[in-house]
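Undergrad: fold the following for me, if possible:
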Amino acid sequence: MSKILVFGHQNPDSDAIGSSVAFAYLAKEAYGLDTEAVALGTPNEETAFVLNYFGVEAPRVITSAKAEGAEQVILTDHNEFQQSVSDIAEVEVYGVVDHHRVANFETASPLY
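TA: Next up is the predicted model:
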């Protein structure tokens, strides 16, 4: 099984980055999943301040999940494919952690 990438929406803000970092850690520590928090853009100034303040390294920026060798992803702070990674339709969405209403979202398998 390849690494599961965990990321928020494009043009990430503090909740997109924070939820990705936190959930990747939780999934790894509590469930033994091979996860990595990544970002779909450079963190904004506020988010960079928060990460620096708490001594947390900013997730690396990606543009394609498949190019990273990922077959599965976990979405945080979004569930609309148009806000996600460019090749979202080519990978399995393993899970979603979001507080927004669900819109235009469908998967072939159950989510966790």
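Undergrad: Ala48: helix or strand, and which one exactly?
TA: In the assignment (DSSP states H and E), Ala48 maps to helix 45-53.
Undergrad: in that helix, what counts as buried?
TA: 47, 51 (16 or more other CB atoms under 10 Å). Just so you know, the C-beta spots here come from the backbone N, C-alpha and C atoms, and that holds for glycine as well.
Undergrad: dump the residue contacts of the residue nearest the centre of the chain.
TA: Nearest to the geometric centre of the chain sits Phe7, at 1.2 Å (CA atoms, centre = their mean). Applying CB atoms under 8 Å, 6 or more residues apart in numbering, we find Phe7 in contact with 16, 20, 37-40, 59, 62, 73-76, 84-85.
Undergrad: gap between it and Lys66?
TA: 14 Å (CB to CB, to the nearest Å).
Undergrad: what do you get for Ser20?
TA: Between Ser20 and Lys66 the distance is 18 Å, computed by CB to CB.
Undergrad: compare the two (neighbour count), which wins?
TA: Counted by other CB atoms under 10 Å, Ser20 and Lys66 do not tie: Ser20 has more neighbours, with 28 against 13.
Undergrad: hang on, that one packs against Gly8?
TA: Yes: in terms of CB atoms under 8 Å, Ser20 counts as a neighbour of Gly8; the distance is 5.1 Å.
Undergrad: joint contacts of these two?
TA: 39, 76-77.
Undergrad: may I ask which of those has the most neighbours?
TA: Going by other CB under 10 Å, Thr76 tops those with 27 neighbours.
Undergrad: if I pick the nearest residue to that one once chain neighbours are set aside, what's in contact with it?
TA: In this structure, Thr76 finds its nearest non-sequential neighbour in Ser19, 4.0 Å apart by CB to CB, 6 or more residues apart in numbering. By CB under 8 Å, 6+ apart, the contact list for Ser19 reads 8, 76-77, 97.
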